[in-house]
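Novice: kindly return the folded structure for what I paste below:
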Amino acid sequence: MFGLVGWTIERFIARRTRLHDLQYAATRLRERPVVWCVLIVTGANVLVFWSLASAAANGRLSLGEVVVFAQCAVGTSLIAFGGLSWALDGAAAPVAAVVRLEQAMAPAGALAAGPRQAATAPVREIRFRDVTFAYPGGAMVLDHFDLTIPAGTSLAIVGQNGAGKTTLAKLLCRLYDPQSGSIEVDGVDLREFEIGSWRSRLTAVFQDFIRFELPMRDNVAPSGAPDDAILTALRAAGAEHLATLDTVLARGYQGGTDLSGGQWQRVALARALCAVERGSGVALLDEPTAQLDVRGESEIFGRLLAATRRCTTILISHRFSTVRHADRICVLERGRVMELGTHDELMAQGGRYRTMFELQAQRFGATEDEEGAAYDVLA
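Specialist: Just a heads-up that it's a prediction; the model follows:
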């Protein structure tokens with residue numbers, strides 16, 4: 001999703017090559033040169049087998065004795081060349097790891113790649129049609145789920161843990177496909193798009209965001225972007241003061257630095273904002289301000305909605321001070337939509353959303369009739 005395929009492969013090759021170089025160097029330190037070993041062992045075997053053949057021809061050794069002595073000679077040769085295993089040491093381990101990884105990723109790896117390109121798709125609308133989904137070996141997460149997200153709007157999704165909120169984001173990223181039903185983008189089934197092409201049209205910030213031990217520039221735009229676009233995204237995320245674009249975000253590097261959890265989250269948000277600026281049509285934000293304090297959240301969320309206004313934004317959050325600013329709010333429970341509407345509409349209904357909102361507001365000293373004050377305290 002973040003354009004790191006080439007970087008990952010190059011890094012793996014470089015480190016694997018370095019490992020083999022070190023293994024070879026260690027072998028040379030403890031063994032005589034391979035060429036001398038070959039010459040000595042070959043010469044010894046020629047002498048041994050010539051002696052065995054001569055003794056057998058003169059009747060001094062029986063056939064059985066010749067076989068036994070020949071096996072001993074071959075065994076000794078194998079022991080002598082045991083040190084050559086540096087070329088094969090650990091070679092099976094990476095293969096086994098890849099096989100295990102392939103099995104673990106089977107649900108995603110088995111996804112059918114459609115022929116259609118999504119690079120120019122305007123993303124007018126996202127629609128979940130009768131979607132049913134369960135993780136391999138797990139219970140049902142989404143049960144005949146229906147939801148329409150108009151283009152260019154923001155939808156907040158709330159609900160208890162396990163209601164299926166993050167699963168919706170994973171399905172949209174095509175990390176999985178539903179067991180039944182369909183997800184349509186501009187009227188086209190998501191499975192008809194080529195996976196890489198579709199993922200280039202969306203950006204995501206998950207709760208467990210990625211921290212790259214790379215310069216700030218590469219953290220914000222792993223697949224590359226002009227410095228102006230990167231700086232604009234950092235300013236929108238309130239992260240322009242954290243480090244220069246060339247500073248490595250990890251200790252142990254010359255001039256490197258580390259960041260707090262909240263600062264890293266701002267960098268992850270800047271990554272999403274930069275992708276939106278570069279043309280992503282869908283922004284998925286799963287608890288995007290979970291590690292920010294209340295003041296930091298209030299400061300950044302207005303900028304976040306403004307920056308993503310021209311694309312379709314899906315926000316998953318437990319903080320109702322953030323949720324209430326979305327164009328619509330979806331209350332998810334047991335894999336189905338329980339309530340759907342604006343903040344004011346759901347508060348007027350007096351249903352599940354109002355109950356959750358007031359319970360959270362009470363923690364900040366707000367009463368049922370002080371909805372505006374509740375937001376001021378939360379924000």
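Novice: helix, strand, or coil at residue 182?
Specialist: Residue 182 falls in the strand class when you classify it by DSSP: H, G, I helix; E, B strand; the rest coil.
Novice: and for it, the neighbour number?
Specialist: 16 (other CB atoms under 10 Å). In this view, the C-beta of every residue, glycine as well, is placed from N, C-alpha and C.
Novice: do the one 3 residues further on as well
Specialist: A total of 26 residues lie near residue 185 under the criterion other CB under 10 Å.
Novice: distance of the closest residue to it other than its chain neighbours from residue 326?
Specialist: For residue 185, ignoring the flanking residues on the chain, the nearest one in space by CB to CB, 6 or more residues apart in numbering is residue 126 at 5.7 Å. Shown here: residue 126 relative to residue 326, a distance of 15 Å by CB to CB, to the nearest Å.
Novice: what does residue 232 give?
Specialist: To residue 326, residue 232 is 23 Å away according to CB to CB.
Novice: those two: which has the busier surroundings?
Specialist: residue 326 (22 against 18).
Novice: my guess is that one meets residue 158, correct?
Specialist: No: in terms of CB atoms under 8 Å, residue 326 does not count as a neighbour of residue 158; the distance is 9.7 Å.
Novice: and the closest residue to residue 246 other than its chain neighbours, bridged to which residues?
Specialist: Leaving aside its sequence neighbours, residue 246 sits nearest to residue 215 (CB to CB, 6+ apart; 5.3 Å). On the basis of DSSP bridges, residue 215 is bridged to residue 248.
Novice: surely residue 215 touches residue 249?
Specialist: Yes: assessed by CB under 8 Å, residue 215 is found in contact with residue 249 at 7.3 Å.
Novice: out of those two, which sits in the busier spot?
Specialist: Shown here are residue 215 and residue 249; by other CB under 10 Å, residue 249 has more neighbours (22 against 19).
Novice: so what's the more buried one up against?
Specialist: Neighbouring residues of residue 249 by CB atoms under 8 Å, 6 or more residues apart in numbering: 211-216, 219, 243, 256-259, 264, 267.
Novice: show me where pLDDT drops low in the stretch 251-379 of the chain?
Specialist: 293-299, 364-379 (pLDDT under 70).
Novice: swap that for the stretch 51-200 of the chain, please
Specialist: 75-113, 118-123.
Novice: redo that, cut-off 50
Specialist: 83-84, 86-88, 108-109 (pLDDT under 50).
Novice: can you give me the helices in it?
Specialist: Listed in chain order, the helices of the stretch 51-200 of the chain (DSSP state H, counting those that start in this stretch) span 63-80, 92-104, 106-109, 165-172, 195-199.
Novice: measure stretch 272-288 end to end?
Specialist: 10 Å (CA to CA, to the nearest Å).
Novice: to clarify, my last question referred to stretch 134-147.
Specialist: So stretch 134-147: terminal residues 18 Å apart, CA to CA.
Novice: before we move on, what about stretch 193-212?
Specialist: End to end - CA to CA - stretch 193-212 spans 29 Å.
Novice: what does stretch 302-318 give?
Specialist: 17 Å.
Novice: next one: that stretch to chain centre, how far?
Specialist: 21 Å (CA atoms, centre = their mean, to the nearest Å).
Novice: over to stretch 181-197?
Specialist: Remark: stretch 181-197 is offset 20 Å from the chain centroid, using CA atoms, centre = their mean.
Novice: distance between the ends of that stretch?
Specialist: End-to-end distance of stretch 181-197 (CA to CA): 22 Å.
Novice: for it, which positions count as buried?
Specialist: Judged by neighbour count (16 or more other CB atoms under 10 Å), stretch 181-197 contains these buried residues: 181-185, 188, 190-193, 195, 197.
Novice: nearest to residue 55, of the residues you listed?
Specialist: Nearest to residue 55 among these: residue 195, at 69.8 Å, using CB to CB.
Novice: looks like the closest one contacts residue 176 (just checking).
Specialist: No: taking contacts as CB under 8 Å, residue 195 lies outside contact range of residue 176: 11.8 Å.
Novice: can you show me the helices along the stretch 251-379 of the chain?
Specialist: 261-277, 294-307, 320-323, 343-349, 352-362, 371-378.
Novice: count of neighbours near residue 115?
Specialist: Around residue 115 there are 8 other residues, counting by other CB under 10 Å.
Novice: kindly report the same for residue 274.
Specialist: Residue 274: 26 neighbours (other CB under 10 Å).
Novice: relative to residue 193, how far out is it?
Specialist: 23 Å.
Novice: okay, now the domains of the protein?
Specialist: Split into domains by automatic domain parsing, the chain comes to 31-104, 125-378.
Novice: most packed of these?
Specialist: Across the domains of the chain, averaging neighbours per residue (mean count of other CB atoms under 10 Å) puts domain 125-378 on top, at a mean of 18.
Novice: just the pLDDT for residue 31.
Specialist: We have a pLDDT of 61 for residue 31.
Novice: re the thing from before, adding distance to residue 134, write the buried residues of stretch 181-197 out as a markdown table.
Specialist: A markdown table is the format used below for these (distance: CB to CB, whole Å):
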| residue | distance to residue 134 |
| --- | --- |
| 181 | 12 |
| 182 | 16 |
| 183 | 16 |
| 184 | 21 |
| 185 | 23 |
| 188 | 25 |
| 190 | 18 |
| 191 | 18 |
| 192 | 23 |
| 193 | 23 |
| 195 | 21 |
| 197 | 27 |
